[in-house]
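S.K.: coords please:
(chains A and B)
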Amino acid sequence: MECKKMERRDFIKKGCELAAATLFVGLLPFKKAIPAEETTKLPRPKGNENYNWEEHLYAYVIDTTKCIGCGMCVEACRKENNVPEGFFRTWVERYEVSERGEVEVDSPKGGQESFGPILPGFNVSKGYFVPKMCNHCSNTPCIQVCPVGASYKTEEGVVLVDDKRCIGCGYCVQACPYGSRFINPITKTAEKCTWCYHRITKGLPPACVQACPVGARMFGDVKKEEDPVRKIIATERLAVLQPEKLTKPSCFYLGLDKEVR
Amino acid sequence: MIAVAQYLFPNDLHIHWSLMIVMYPYITGFVAGAFVVSSLYHVFNMQQLKPLGRFSLLTSFAFLCVATLPLLNHLGHPERAMNIMITPHFSSAMAGFGIIFNFYFLLVLFEVWLLYRNDIIEMANGSTGIKKFFYKILTLGVDDNSPEALQRDHKIIVFLAAVGIPSACFLHGYVGFLFGAIKANPWWSTPLMPIIFLFSAMVSGIALLIVLYQIAMKMGGKEIDQPCITKMSQLLWLFMTVTVSLELLEIITLAYEQSESWEVIHPLLTHQLAFSFISVQMILGSLIPFILLMVTVLLDRYLHEKVRNTLAFVASFLLLIQVFAMRWNVVIGGQIFSKSLRGFRDYHPQFLEKEGIGAAILIFILPFIILFVLNRVLPAFSNTNRDDPNHIEKTVVG
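M.R.: Below you'll find the model as predicted:
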């Protein structure tokens, strides 16, 4: 009986020790997830020490009336960002509409090698090219659904993916209504247009904007007084893709036709 | 057919959610469905389901053990899977997975243990050597199996089974929500989606139990309990009717609204999914079992035992196919058309690829092996009802 009492005392003692140890481990300063409102305290982009992301808010304007469908932007993007074959961060669509309202859309290889002759017998009454890319929405379905917070929005309004954090579930790919995301077959993580974040933080335009020979793609900073893109957004009649989805894109279109989704 | 110009967004050429994502809701459906059946007995006291009281919980647990496997196989970076629990991003529907799954897993595990506690103690006492040692460990040091203790167990079981019902509904309704909350996809985006998933989970759980119970009884050379089969057939008939009605209602609404998406969903159902939707899901998997179960339920008292068993077995087997077809048509169907709503792609899983048919078969066989082993360690069908909690309660109370 005496022996049993000792055991019980031992047991309680051990139990207390274990509880204390658990409490201690719980109190250890492990790295915690950073809440959204603290993102401004994140390390600044490297390369340009004077760059302050609070001073910028980027926007993109695509003038479909200027695009000639040469595909230079698609190629420039692929080379700049090492986009794997068969996947696209940007692409160009060709629309052909007949008088009777029939619509033909194509985008062979994303328009990278430009476009072939149109279908014989198809009586085209109007035709145009529409460059597409990530719309860098303010109300993003893709960031919303990311289960680990690998997709995020920077202070300057750019939607990015942290490929060190992405688990490759593909939920964001499903959630994007524009088809702008894909799972990179090599890194197995989600990938999309970054507006060439590595370039714009150094004051350079995105590769697609630089490659466009006709100025159909325009990139600007709406926080800068004299910015031409800011002026277009302020004065022109603009459209966005799939406005009914209420994603609030930061990519605006000039001369967008009703057939474009 | 409405003319659809064949144009896909260039990134839409690839199916990102493969056969594995079809398997995941299929497996969790069994988990939820089988659990609810066990609760129908433990909580709602449906005495006819007594033969399945334990077996249904074991089945639920066996499938729960493999529920994450298809997801892990699908992830681009399975080694980062724990991030969902460590750094969840709560605006994502998927971020709740860790919490819901773990809670439910612990709940089922605890309930299984309580349900078998008396057996484990008796087996530990009645055996020798390694077997005794093994069961001794399973008792977790608690060897009180007095009627009072067992009655206390029973109360906790009822509580767990009751808490488990909303948990099971959450677990599976949540799977439907993952799809239903994607506004980018008109074939998924409907508030009906979680409800359809929930009801079809019930169908798959009941159907699986009817099939497995009959096989287990045949293998063990035991009688198939007829009131149990009758009750299960009634439940199955009810749940399948609701499920199929919901599935059809969703489509009828889309068709009647003539919404923009109907332009792509109409050809999807009548061409791309003609076989898996019309032939398998609706005719083979719904209409035929509906008639078979109607006969089983309405003509119950005229049926010979063998006829009743066969009718219920065949109907259940067809419904298992129906539920798989439904998962396929939702998951793959939702990706076969491009978000341009202008074109379709094809999906034919290979046998040996990472997320192919071979992997799916392996993952699907695993829970049956687990169930077989579990049933060996913790027999679900005992000849006596001495250890049955309800029986104990009655003897204690009476």
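S.K.: the helices in the stretch 51-200 of chain A, which residues?
M.R.: A:72-81, A:141-145, A:171-175, A:197-200 (DSSP state H, counting those that start in this stretch).
S.K.: which of those is buried the deepest?
M.R.: helix A:171-175 (a mean of 25; mean count of other Cβ atoms under 10 Å in any protein chain shown). Using the backbone N, CA and C atoms, a C-beta is placed for each residue, glycine as well.
S.K.: Residues in contact with it: which ones?
M.R.: Applying Cβ atoms under 8 Å, 6 or more residues apart in numbering or on different chains, the contact partners of helix A:171-175 are A:141-147, A:151, A:161, A:181-183, A:190, B:11, B:16-17, B:92, B:94, B:178, B:182-185, B:335.
S.K.: What of stretch B:129-136?
M.R.: B:120, B:121, B:123, B:124, B:127.
S.K.: Go through stretch B:165-181 and flag the buried ones.
M.R.: Using 16 or more other Cβ atoms under 10 Å in any protein chain shown as the test for burial, stretch B:165-181 gives B:165, B:167-181.
S.K.: quick one: contacts for the closest residue to residue B:181 other than its chain neighbours?
M.R.: Spatially, and ignoring its direct neighbours in sequence, residue B:181 is nearest to residue B:93 (5.6 Å; Cβ to Cβ, 6 or more residues apart in numbering or on different chains). Applying Cβ under 8 Å, 6+ apart, we find residue B:93 in contact with A:145, B:174, B:177, B:178, B:181.
S.K.: farthest-separated two in those?
M.R.: A:145 and B:174 (13.5 Å; Cβ to Cβ).
S.K.: What are the structural domain limits within chain B?
M.R.: Chain B breaks down by automatic domain parsing into domains covering B:20-181+B:350-398, B:224-347.
S.K.: Could you save these as JSON lines and add columns showing mean pLDDT and distance to residue A:171?
M.R.: Below are these laid out as JSON lines (pLDDT from 0 to 100; distance: least, Cβ to Cβ, whole Å):
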{"stretch": "domain B:20-181+B:350-398", "mean pLDDT": "89", "distance to residue A:171": "6"}
{"stretch": "domain B:224-347", "mean pLDDT": "95", "distance to residue A:171": "13"}
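S.K.: Share the number of residues neighbouring the residue of the stretch 101-250 of chain A found nearest chain B, please.
M.R.: Proximity of the stretch 101-250 of chain A to chain B (Cβ to the nearest Cβ) peaks at residue A:168, 1.9 Å away. Residue A:168: 22 surrounding residues under other Cβ atoms under 10 Å in any protein chain shown.
S.K.: how about it, what does it touch?
M.R.: A:183, A:188, A:189, A:190, B:75, B:76, B:77 are the contacts of residue A:168 under Cβ under 8 Å, 6+ apart.
S.K.: Which pLDDT value goes with it?
M.R.: Per-residue pLDDT puts residue A:168 at 95.
S.K.: So what does residue B:190 have for phi and psi?
M.R.: The phi/psi pair for residue B:190 (degrees, to the nearest 10) reads phi -150, psi 140.
S.K.: Test my guess that it contacts residue B:250.
M.R.: Yes. Using Cβ atoms under 8 Å, residue B:190 makes contact with residue B:250 at a distance of 5.8 Å.
S.K.: quick one on the thing from earlier: would you turn the domains of chain B into TSV with distance to residue A:13?
M.R.: Shown next, in TSV, are these (distance: least, Cβ to Cβ, whole Å):
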stretch	distance to residue A:13
domain B:20-181+B:350-398	18
domain B:224-347	52
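S.K.: Which one of those domains lies nearest to residue A:68?
M.R.: Closest among these, using Cβ to Cβ: domain B:224-347, at 21.9 Å.
S.K.: Regarding the closest one, how distant is the last residue from the first?
M.R.: End-to-end distance of domain B:224-347 (Cα to Cα, to the nearest Å): 42 Å.
S.K.: what about it, distance to the chain center?
M.R.: Domain B:224-347 sits 15 Å away from the centroid of its parent chain (Cα atoms, centre = their mean, to the nearest Å).
S.K.: Closest approach to chain A from the stretch 151-300 of chain B, which residue is it?
M.R.: Evaluated by Cβ to the nearest Cβ, the stretch 151-300 of chain B has residue B:184 as its residue closest to chain A, separated by 3.6 Å.
S.K.: Can you say which of the contacts of helix A:171-175 are buried?
M.R.: Using 16+ other Cβ under 10 Å, the buried members of the contacts of helix A:171-175 are A:141-147, A:151, A:161, A:181-183, A:190, B:11, B:16-17, B:92, B:94, B:178, B:182-185, B:335.
S.K.: Now, those that are in strands?
M.R.: Per DSSP state E, strands hold the following members of those: A:151, A:161, A:182, A:183, A:190.
S.K.: Give me the pLDDT for residue A:17.
M.R.: For residue A:17, pLDDT reads 75.
S.K.: do residue A:136 as well
M.R.: Predicted confidence (pLDDT) for residue A:136: 97.
S.K.: what sits against it?
M.R.: For residue A:136, the contact set (Cβ under 8 Å, 6+ apart) comprises A:58, A:60, A:157, A:158, A:159, A:193, A:195, A:249, A:250, A:251.
S.K.: Among those residues, which one is most surrounded by other residues?
M.R.: residue A:195 (29 neighbours).
S.K.: correct me, but that residue touches residue A:58?
M.R.: Yes. Taking Cβ under 8 Å as the definition, residue A:195 is a contact partner of residue A:58 at 6.3 Å.
S.K.: just the helices in the stretch 101-250 of chain B please.
M.R.: Under DSSP H, counting those that start in this stretch, the stretch 101-250 of chain B gives helices at B:129-138, B:147-180, B:192-220, B:226-257.
S.K.: Perfect, that will be all.
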